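Colleague: Prediction below, plus the sequence it came from.
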Amino acid sequence: MIQPNRPIALGTRGLCKRYDRPAVDHLDLTIYGGEFYSLLGPNGAGKTTTLRMVAGLLRPDAGSIAIDGIDALADPVAAKQITAWLSDEPMIYDKLTPFEYLEFVAGLWRIDAAAAERSANELLDWLGLAPHVHERCEGFSKGMRQKVALAGALVHDPKLIILDEPLTGLDAGSARQVKNVLKERVRAGGTVIMTTHILEVAERMADRIGVIAHGRLIAEGTLDELRHKTGQGATSLEDTFLTLVAEPVAAE
Amino acid sequence: MSSPGTLTWLAGHELRLSWRDWLSLMTAGRRHRARTVTIALIVFAVFMHLLAWPMVGPYAAAAADKATLIVVTGCLLLSWSLLLSQAMESVTRAFYTRSDLDLILASPVSARKVFSVRIARIAGSVALIAMLLASPFINVLAVLGGGQWLAAYGVVAAMGAVAAAFAVALTVALFRMIGPKRTRLIAQIVAAVIGASFVIGLQVVAILSYGSLSRIAPLQSEWLIANAPDAGSIWWWPARAALGDAGALAIVAALSVAILGAAIAAFSVRFGEHATAAAGISNTVVRQHRSRGFRGRSPGSVLRHKEWTLLIRDPWLVSQTLMQILYLLPPALMLWLSFRESGTALVVVVPVIVMAAGQLAGGLAWLSISGEDAPDLVATAPVTARRIVWAKVEAVIGSTAFVFAPLVAALAFASLAAAIVCGVGVLIAAASATHIQLCFRVQAKRSQFRRRQTSSRVATFAEAFSSIGWAGASALVASGSWLALFPALIALGVLAGVRAIAPRNN
């Protein structure tokens, strides 16, 4: 269990977003610095909407978001300075090389050129992209594109890394590289919040897991705490997850 | 109902896809717009008939003499060059749109059969579009001159079939000569040049011979009438057919079917092979020169630089956006002639340049603002939305200024005042087009550039009217008339209207 006296990297209070029905419904989340937090939930549970609001891509209808103590709604630029966002669909520029892409990101985040270049080379090396650093991204596979996008997310050394299904469509080798890089970031003090449908990834990597359904946080804790909550101590996360998400459905 | 896998079954499938594609193009994917689109099409058809009336009415009673045959043949050739251009576009798109290619080639249906139907579909759609576009002129001629003019529909359909056959042959030849990677770009440039060259060529001849921009003038020259083949020559068969000669129509129709059939027989297998080759080009590696290292730039600077780099590295987009400049050749020629002689035709040149600048800026603004391929990255950057928008506007205006600066500079040699008016007009037209794109921005991929008009027809029309307004105002200012206020006010009204009806979140 993470010590509650650690600084809060992300806190949301009463977060709401409604489309034709509530997508996120008074969501309170607290994620501590240096924590790997996995947000799980069935399709349409509100995971992506939550993360997009935290990343500043969507304006909530109500509630507050604090990133490292910064009110992200009042001062979005300061909050974005220490945040990174990566979705399952890598959005990069086909006509730029990974090197140019990272230079572009460094410029957007106003990172010192020399430091950014060092960091970029390191990341590209870690992610196995060094041989392709001066090739245009248009010929890259999905895995390579996702790794370029991840390097872009990390090149400005963010405190909070928000990832929405980052391992979707990656082969085993690429997924391992991405996971290793993320683990390294958490070890260095960064905070990661990640949604995934690959429960094995959450089971192995997450310090804490939040389960969301119908826009509400229905359970939260370490894997053991969740198992304890469902009363199925010896079962897998998959069984625990399915039991947890089945409860609110049964209650309706 | 036909059995699966037969030619008729495949034709039915292609027909359904074409219909849905057209419907989606017209309604921008919103079914509830169908009624509005139908009304708009009816209004457009009525407008085109009214427009055609004074244009072709005087020729309705024309006899099949040599002078008439020359003019009709010239008009048919002019239309055919546009049809060929359109057919090449369609063929290139069929090569490079992967969509159902994997499914088709993995199925047990013969590839020859599938691609035969696909080529026939292209021919059919080109012929149909041609007939629709020609219908106001043919209908007016038929009403005023008699039913024999309806034979022109047959000629137009035959021209569409022949254009499709030539387009397939040309594109397949390009594939064999320069490979799949370059063919996409070259074929589309060739298509645009073919489409524009005949129009421009006739204008250039008209300027050199008669000092006007009329396309028909060279076809009515005494020299041409004197040196053209006799009225009984086979060269005039298509014109005779269009004028209602049943025998000529039967021959033209039979020839066109034979040419299309030969093209299908000769190229359907290659068409499939080349389409497969085209599908694989995304895996081609393009290596850039090693850059010197990261340069410390501001967010605005990296955004501008990114926009310019993406544009420069995409020759297809460059060709699409700059193709309009081709149409500046005739007025440029007029400028050169007037600079050499009196300088009176400058008033004609200024609005053409301003109009082209507005259209070019509209395209660039769409690419920069709506066609952002990494919207999440830019939106999550610690930069205010205002700064991002400004950087993109600067990139658009900068690019437009870069393209038009040489023309304005050349104009300055002829008349400094006209150049100043033209320069200011270019900037205002570009800024207005960018403003319209900002008001109607939607998230899209750059590759959807050719379909940008369908996302908002209001934006498309507003862009055109704004550019026309500023072009008119510039021309009148250049000629020293205070009447310039009127088109300027119209353009400002268009911008105000756009701002009023733009979606609120923009």
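Modeller: Cool, got the structure.
Colleague: Tell me how many other residues crowd whatever residue of chain A ends up closest to chain B.
Modeller: Chain B sits closest to A:G107 of chain A, with a gap of 3.1 Å, by C-beta to the nearest C-beta. To be clear about C-beta, it is placed using only N, CA and C from the backbone, and glycine gets the same treatment. For A:G107, the neighbour count with other C-beta atoms under 10 Å in any protein chain shown is 25.
Colleague: excluding its backbone neighbours, what's nearest it?
Modeller: B:V302 (3.1 Å; C-beta to C-beta, 6 or more residues apart in numbering or on different chains).
Colleague: contacting residues around that neighbour?
Modeller: A:E103, A:F104, A:G107, A:L108 (C-beta atoms under 8 Å, 6 or more residues apart in numbering or on different chains).
Colleague: ok now the helix or strand encompassing the third one, how far from the chain's centre?
Modeller: Using DSSP states H and E, A:G107 falls within helix A:98-108. When distances are taken as C-alpha atoms, centre = their mean, to the nearest Å, helix A:98-108 is centred 21 Å away from the chain's centroid.
Colleague: Next, the buried residues of the helix or strand following it.
Modeller: Note on helix A:98-108: by DSSP H and E, the next helix or strand toward the C-terminus is helix A:113-126. Across helix A:113-126, burial judged by 16 or more other C-beta atoms under 10 Å in any protein chain shown covers A:A116, A:E117, A:S119, A:A120, A:N121, A:L123, A:L124, A:W126.
Colleague: Identify the residue with the minimum pLDDT among these.
Modeller: pLDDT across the buried residues of helix A:113-126 is lowest for A:W126, at 87.
Colleague: returning to that earlier point: with distance to B:Y59 added, can I get the buried residues of helix A:113-126 in JSON lines?
Modeller: Shown next, in JSON lines, are the buried residues of helix A:113-126 (distance: C-beta to C-beta, whole Å):
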{"residue": "A:A116", "distance to B:Y59": "69"}
{"residue": "A:E117", "distance to B:Y59": "70"}
{"residue": "A:S119", "distance to B:Y59": "72"}
{"residue": "A:A120", "distance to B:Y59": "68"}
{"residue": "A:N121", "distance to B:Y59": "71"}
{"residue": "A:L123", "distance to B:Y59": "70"}
{"residue": "A:L124", "distance to B:Y59": "68"}
{"residue": "A:W126", "distance to B:Y59": "74"}
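Colleague: need the contact list for the residue of chain A closest to chain B.
Modeller: B:G296, B:R297, B:S298, B:P299, B:S301, B:V302.
Colleague: where does the fifth one land on pLDDT?
Modeller: This means B:S301. Listed pLDDT for B:S301 reads 92.
Colleague: Would you agree it falls within a helix?
Modeller: Yes: the assignment for B:S301 by DSSP: H, G, I helix; E, B strand; the rest coil puts it in a helix.
Colleague: since we're on it, how many residues are nearby?
Modeller: The number of residues packed near B:S301 is 14, by other C-beta under 10 Å.
Colleague: could you measure it against A:E103, distance?
Modeller: Going from B:S301 to A:E103 by C-beta to C-beta, to the nearest Å gives 11 Å.
Colleague: Report the closest residue of chain B relative to chain A.
Modeller: For chain B, C-beta to the nearest C-beta, closest residue to chain A: B:V302, 3.1 Å.
Colleague: mind putting the buried residues of helix A:113-126 in TSV, distance to chain B included?
Modeller: Rendered in TSV, the data for those read as follows (distance: C-beta to the nearest C-beta, whole Å):
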residue	distance to chain B
A:A116	5
A:E117	4
A:S119	10
A:A120	7
A:N121	10
A:L123	13
A:L124	13
A:W126	18
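Colleague: What residues sit buried inside the helix or strand where B:G247 lies?
Modeller: In this assignment (DSSP H and E), B:G247 forms part of helix B:246-279. Residues of helix B:246-279 classed as buried by neighbour count (16+ other C-beta under 10 Å): B:248-249, B:251-253, B:256-257, B:259-260, B:263-264, B:267-268, B:270-272, B:274-276, B:278-279.
Colleague: Show me how far it is from its chain's centre.
Modeller: Worked out by C-alpha atoms, centre = their mean, helix B:246-279 lies 24 Å from the chain centre.
Colleague: And that helix, what does it pack against?
Modeller: On a contact count with 3 or more C-beta pairs under 8 Å, 6 or more residues apart in numbering or on different chains; DSSP states H and E, helix B:246-279 meets helix B:66-96, helix B:101-106, helix B:111-145, helix B:151-210, helix B:237-242.
Colleague: Tell me which of the ones you listed lies nearest to A:E165.
Modeller: Of all the helices and strands packed on helix B:246-279, helix B:101-106 sits nearest to A:E165, with 25.0 Å by C-beta to C-beta.
Colleague: Mind giving me the packing neighbours of that closest one?
Modeller: Against helix B:101-106 (3+ C-beta pairs under 8 Å, 6+ apart) you get helix B:111-145, helix B:246-279.
Colleague: run the last query once more with 7 Å
Modeller: helix B:246-279 (3 or more C-beta pairs under 7 Å, 6 or more residues apart in numbering or on different chains; DSSP states H and E).
Colleague: circling back to that earlier point, now do the residue of chain B closest to chain A against B:A381, distance only.
Modeller: Taking C-beta to C-beta, one finds B:V302 at 10 Å from B:A381.
Colleague: Are there residues contacting both of these two? Which ones?
Modeller: Shared contacts of B:V302 and B:A381 (C-beta atoms under 7 Å, 6 or more residues apart in numbering or on different chains): A:L108.
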